[in-house]
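Trainee: Please find the sequence and the predicted model below.
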Amino acid sequence: MSQIDEQLRTELQRQGVWVTSMQDLYNWGRKNSIWPLQFGLACCAIEMIATAASRYDIARFGGEVFRPSPRQADLMIVAGTVTKKMAPQIVRLFNQMADPKYVIAMGACAISGGPFKQGYNVLKGIDRYIPVDVYIPGCPPRPEALLHAFMELQRKIDEQKLTGADKAEFLKPDQPSEFPVPRFGRHDLEPRANPNVFQPPVLER
Amino acid sequence: MRPDPYLFIVILIGVALAFPLIPLALAWLWRRFFQPPKPGPDKTSTYECGVESIGEAHVQFHVQYYLYAIIFLIFDVEAVFLVPFAVAFTGLPVGAFIAILIFLLLLIEGLVWAWGKGCLQWQR
Ligand code: SF4
């Protein structure tokens, strides 16, 4: 399936014959039509909107079709501060997206809570509940940074395998496609993190 | 010999059938051989902006809204004509002025009639 000898391929290409594998074709199609889910949470969303508009033009990378429904989206850009009120909705939206699905955590807030890390109502990073593929540091990250993250994601998609033991996660039947939605507890969200996707870093003292 | 004119329709029907069926068949094959389906309670639930849906989806609206929509049309039409009227107001001859007044009177008459009929009363 993907066992074309690299040398043979370049040799054929030189003769005007273009060979590809199903995996390459599939990934090529996928990576050039990543449709993001249309939602923004805070100031970072403004940068995301700027990225989608004409000056930065995410359409050059095939990501201009912001879908208003998770059923049609491939990518969730968590652009902004995730409050604890909002976190269950985000996890549920992620659950409702069809596989394969990817997440970009955009900005300091989505990564760790950012400037509001001490806030009682701010989630300290969306990666506590859902797996994040690309993190973009910055407050806010510039549109170029989002484009860079987009290209990183494209690179990741391009390298995903269709078969074999190291095939992509979404192709393995035992890998979950849904993640537990946190509930509002007495003081905090319960559980406070999903231990299957988030292990707190160990502090060295 | 000219081909049967119905032949084109037959060809077009074939294309119209193949056009959706081929991608659907490809997607089905793809799911069959590569992508294991992973349904779940969240994934298959109703999409409501991430919020859990509550209650029935079949909500009935009161017929009174329909009456209100019709009466709203009076003001709608009035606004459409009043704006150009106001813009051109100073340069209008007397005849045009009277014409627009009659037009307004007709609309107002409709409103008064609806009022008299009790359409402005919320009915249960
Ligand atoms: S990272 Fe900065 S710019 Fe982005 S949402 Fe948080 S506070 Fe706003």
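Mentor: Sure, I can see it.

Trainee: From A:Thr81, how far out is the residue in chain B that the ligand sits nearest to?
Mentor: Closest to the ligand within chain B is B:Gly50: 18.5 Å, counting by C-beta to the nearest ligand atom. Every C-beta, even on glycine, is put in place using the N, C-alpha and C of the backbone. According to C-beta to C-beta, to the nearest Å, B:Gly50 and A:Thr81 sit 16 Å apart.

Trainee: Kindly report the same for B:Pro37.
Mentor: Per C-beta to C-beta, B:Pro37 is found 35 Å from A:Thr81.

Trainee: Neighbour count for the two, which is higher?
Mentor: More crowded of B:Pro37 and A:Thr81, by other C-beta atoms under 10 Å in any protein chain shown: A:Thr81, with 23 against 10.

Trainee: Show me what from chain A comes close to the ligand.
Mentor: By C-beta under 6 Å from any ligand atom, the residues of chain A that approach the ligand are A:42-44, A:80-81, A:107-109, A:114-115, A:139-140.

Trainee: Can you flag the buried ones in the residues you listed?
Mentor: Buried members of the residues of chain A next to the ligand, counted by 16 or more other C-beta atoms under 10 Å in any protein chain shown: A:42, A:44, A:80-81, A:107-109, A:114, A:140.

Trainee: Now intersect the residues you listed with the helices, please.
Mentor: A:44, A:107-109 (DSSP state H).

Trainee: which two in these are spaced the farthest apart?
Mentor: Using C-beta to C-beta, those reach their maximum pairwise distance at A:Cys44 and A:Ala108, which is 8.8 Å.

Trainee: ok, which stretches of chain A are strands?
Mentor: Counting by DSSP state E, one finds strands in chain A at the ranges A:75-79, A:102-106, A:134-136, A:183-184, A:189-190.

Trainee: and among the ones you listed, the most buried is which?
Mentor: Among the strands of chain A, strand A:75-79 has the highest mean neighbour count (mean count of other C-beta atoms under 10 Å in any protein chain shown), at a mean of 27.

Trainee: Could I get the CA-only coordinates of that strand as PDB?
Mentor: Taking Å, rounded to 0.1, in the frame of the first residue of the first chain, the C-alpha atoms of strand A:75-79 are listed here in PDB:
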ATOM      1  CA  LEU A  75     -10.400  20.600  13.500                       C
ATOM      2  CA  MET A  76     -11.300  22.300  16.700                       C
ATOM      3  CA  ILE A  77      -9.400  25.600  17.300                       C
ATOM      4  CA  VAL A  78      -9.700  26.300  20.900                       C
ATOM      5  CA  ALA A  79      -9.200  30.000  20.600                       C
END
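
Trainee: in chain B, which ranges drop under the pLDDT threshold?
Mentor: Scanning chain B with the threshold set as pLDDT under 70 gives B:124.

Trainee: How many residues are close by the residue of chain B closest to the ligand?
Mentor: 19.

Trainee: Please apply the same query to the one 4 residues further on.
Mentor: One way to gauge burial is a neighbour count; for B:Ile54, by other C-beta under 10 Å, it gives 6.

Trainee: got a list of what the nearest residue to A:Trp35 once chain neighbours are set aside touches?
Mentor: The shortest distance from A:Trp35 to any non-neighbouring residue, by C-beta to C-beta, 6 or more residues apart in numbering or on different chains, is to A:Val65 (4.6 Å). Contact partners of A:Val65, counting by C-beta atoms under 8 Å, 6 or more residues apart in numbering or on different chains, are A:33, A:35-36.

Trainee: can you list the residues of chain B near chain A?
Mentor: B:34-36, B:38, B:40-43, B:45, B:47, B:49-52 (C-beta under 8 Å from any C-beta of the partner chain).

Trainee: between those residues, which is closest to A:Pro180?
Mentor: Closest to A:Pro180 out of those is B:Asp42 (9.3 Å), distances taken as C-beta to C-beta.

Trainee: Backbone dihedrals for the closest one, both of them.
Mentor: phi -70, psi -40 (degrees, to the nearest 10).

Trainee: ok, back up a step: so can I have a markdown table of the strands of chain A showing distance to B:Val83 and mean pLDDT?
Mentor: Converted to a markdown table, the strands of chain A look like this (distance: least, C-beta to C-beta, whole Å; pLDDT from 0 to 100):
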| stretch | distance to B:Val83 | mean pLDDT |
| --- | --- | --- |
| strand A:75-79 | 40 | 93 |
| strand A:102-106 | 44 | 94 |
| strand A:134-136 | 48 | 94 |
| strand A:183-184 | 50 | 91 |
| strand A:189-190 | 53 | 86 |
